[in-house]
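Engineer: What follows is a predicted structure for the sequence shown.
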Amino acid sequence: MPVRIRFKRLVSLSGRHGEPRSYGDRIHHLVLGDATDFGGAIQLMPVDDVRLAPVRRISFIVFGALCRERGKAYEPLRTRRSSLSPDAIRPGSLCSGVALKQRRALRDMATKTIEANSSGTRALRCAARHFARRASRALASPGLSDSAVHDARKDLKRARTALRLLRPALGEPVYRRENALLRDVAHALNAARDAKVLTQTLQSLRRCHRALRRDADVAELLCALQADQAGLRRGLREHPAQLARTRVALEQLCDRVPRWRVGTHGWSVLGPASKRIYRSGRRGLPTARPRPAERALHEWRKQVKYLRYALEMLAPMRARKVARLARQAEQLTDCLGEAHDLAMLAHKARVFAKGNRAGLRPLFTIIEQQRDRLGREALSSGEQLYRAKPGDWQRQLGRYWIRWRRTS
């Protein structure tokens, strides 16, 4: 029996930096959500006959256990849409990694978005505290894995986004103090993140290009990057004092959050704040063609991320339309992120080649080709995302807000 499942989007059918994925990997990266944006859903067949077929109306959201072994069918777990809850998703269903992400997303939804029964400023104050506390807990995890560091950095970015949305209500002194604290905490984790990304990026390029797999200098560079990554991990484990200070600073911020005087405001605060976030990203859109400066792209990516997280927090007021904008921003940040990772790898490779007299010309050629492609895609997507003027964009979201508050 095939398993039918509603979907929001299917993540790229090709892997990072063009690496192909198997059918199983394609399904593994399926993200669940509302199917109305696409007017349908997909139908998943057993592993030995995988097909994606459009269907019309489905009354259930089905979470199935995706078995990687050939010949095994899926085990459906049917749950009515109105009663969907985190407890309805069992670990191990729909590939355990994706299922856990879905469960966490559902569990945290009420604390990271605006709510109909609460003022916008108070809901965002709760969101800022929630993300700061979750980042602190991630940094307290034993062993401090790469995924824990990654999750902590994302939560810190979300906390800073909530802070930006509250900026008109908080006032500049409070905003600057708390934003500087969150920024400094995130900067302390940059080295660990960069080491992991450099290794993963080079490994991905080697999988896609046979010439790099046969290049002894590239293999030597990979060993050096892996050694750097291991050294940073070891340093974090052997010297926990810095992380302890970071966690203390985050906990102190969480204790201060309930005392933030944000009032009980709605769009009168969130409107100008969201307009400011949008305008910063629009101004950051690089104008240099055909290849913008790497620093300009990196700074632009930061602003696009703030817009993405702000839209996710504001999504309940017009779920489909705002979520579509958030997905566009997410795709743009992913594209810019890959370009930035390649730029960091190119810089690291140049330093390595100079110190070791290594010939890495094939690697540099591939990196430049990939960066050119990603840069063109990012600029095209950015022009679509930021085509509206900031004032028009704010007024459109304001109409969504008024309609949502009247009907909820």
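Structural biologist: Here it is on my side, so go on.

Engineer: Restrict stretch 345-365 to CA atoms and write it as PDB.
Structural biologist: Included here for stretch 345-365 are C-alpha records, laid out as PDB according to Å, rounded to 0.1, in the frame of the first residue of the first chain:
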ATOM      1  CA  LEU A 345      37.600  27.200   1.800                       C
ATOM      2  CA  ALA A 346      39.300  29.100  -1.000                       C
ATOM      3  CA  HIS A 347      41.000  31.400   1.600                       C
ATOM      4  CA  LYS A 348      42.100  28.400   3.700                       C
ATOM      5  CA  ALA A 349      43.400  26.600   0.600                       C
ATOM      6  CA  ARG A 350      45.400  29.600  -0.500                       C
ATOM      7  CA  VAL A 351      47.100  29.800   3.000                       C
ATOM      8  CA  PHE A 352      47.700  26.000   2.900                       C
ATOM      9  CA  ALA A 353      49.200  26.100  -0.600                       C
ATOM     10  CA  LYS A 354      51.500  29.000   0.300                       C
ATOM     11  CA  GLY A 355      52.800  27.300   3.400                       C
ATOM     12  CA  ASN A 356      53.100  23.800   1.800                       C
ATOM     13  CA  ARG A 357      53.900  24.600  -1.800                       C
ATOM     14  CA  ALA A 358      50.900  22.600  -2.900                       C
ATOM     15  CA  GLY A 359      49.300  22.900  -6.300                       C
ATOM     16  CA  LEU A 360      45.600  23.300  -5.800                       C
ATOM     17  CA  ARG A 361      44.700  24.900  -9.100                       C
ATOM     18  CA  PRO A 362      41.900  22.300 -10.000                       C
ATOM     19  CA  LEU A 363      40.300  23.000  -6.600                       C
ATOM     20  CA  PHE A 364      40.400  26.800  -7.100                       C
ATOM     21  CA  THR A 365      38.900  26.500 -10.600                       C
END
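
Engineer: chain center to it, what's the gap?
Structural biologist: The chain centre lies 30 Å from the centre of stretch 345-365; the measure is Cα atoms, centre = their mean, to the nearest Å.

Engineer: residue ranges of the strands in the stretch 51-200 of the chain, please?
Structural biologist: With strands called from DSSP state E, counting those that start in this stretch, the stretch 51-200 of the chain shows them at 52-55, 60-65, 75-80.

Engineer: Return the helix or strand in the chain with minimum mean pLDDT.
Structural biologist: Every helix and strand of the chain was ranked by mean pLDDT, DSSP states H and E. The lowest is strand 60-65, at a mean of 30.

Engineer: ok, longest helix in the chain?
Structural biologist: With secondary structure taken from DSSP state H, the chain has its longest helix at helix 319-356.

Engineer: what's the average pLDDT for it?
Structural biologist: On average, the pLDDT along helix 319-356 is 91.

Engineer: Stretch 381-388 now?
Structural biologist: Mean predicted confidence for stretch 381-388 is 94.

Engineer: Kindly provide the distance from the residue located most distally from the centre of the chain to Arg237.
Structural biologist: When distances are taken from the C-alpha mean of the chain, Arg357 lies farthest, 37.5 Å away, according to Cα atoms, centre = their mean. Distance, Arg357 to Arg237, using Cβ to Cβ, to the nearest Å: 34 Å. Any C-beta I mention is one placed from the backbone N, CA and C, and that applies to glycine too.

Engineer: Glu251 now?
Structural biologist: 21 Å.

Engineer: who has more neighbours, those two?
Structural biologist: Shown here are Glu251 and Arg237; by other Cβ atoms under 10 Å, Glu251 has more neighbours (15 against 12).

Engineer: Tell me how far the closest residue to that one other than its chain neighbours lies from Gly382.
Structural biologist: Leaving aside its sequence neighbours, Glu251 sits nearest to Ser136 (Cβ to Cβ, 6 or more residues apart in numbering; 5.8 Å). When distance is defined by Cβ to Cβ, Ser136 is 33 Å away from Gly382.

Engineer: Ok, Lys354 next?
Structural biologist: Using Cβ to Cβ, we find Lys354 at a distance of 34 Å from Gly382.

Engineer: Number of residues surrounding the residue nearest to Glu251?
Structural biologist: Neighbour count for Ser136, taken as other Cβ under 10 Å: 21.

Engineer: got a list of what it touches?
Structural biologist: By Cβ atoms under 8 Å, 6 or more residues apart in numbering, the contact set of Ser136 is 247, 250-251, 254.

Engineer: in the stretch 101-250 of the chain, which ranges drop under the pLDDT threshold?
Structural biologist: 101-112, 116-117 (pLDDT under 70).

Engineer: could you redo the last one with a cut-off of 80?
Structural biologist: Applying pLDDT under 80 to the stretch 101-250 of the chain picks out residues 101-118, 141-144, 236-240.
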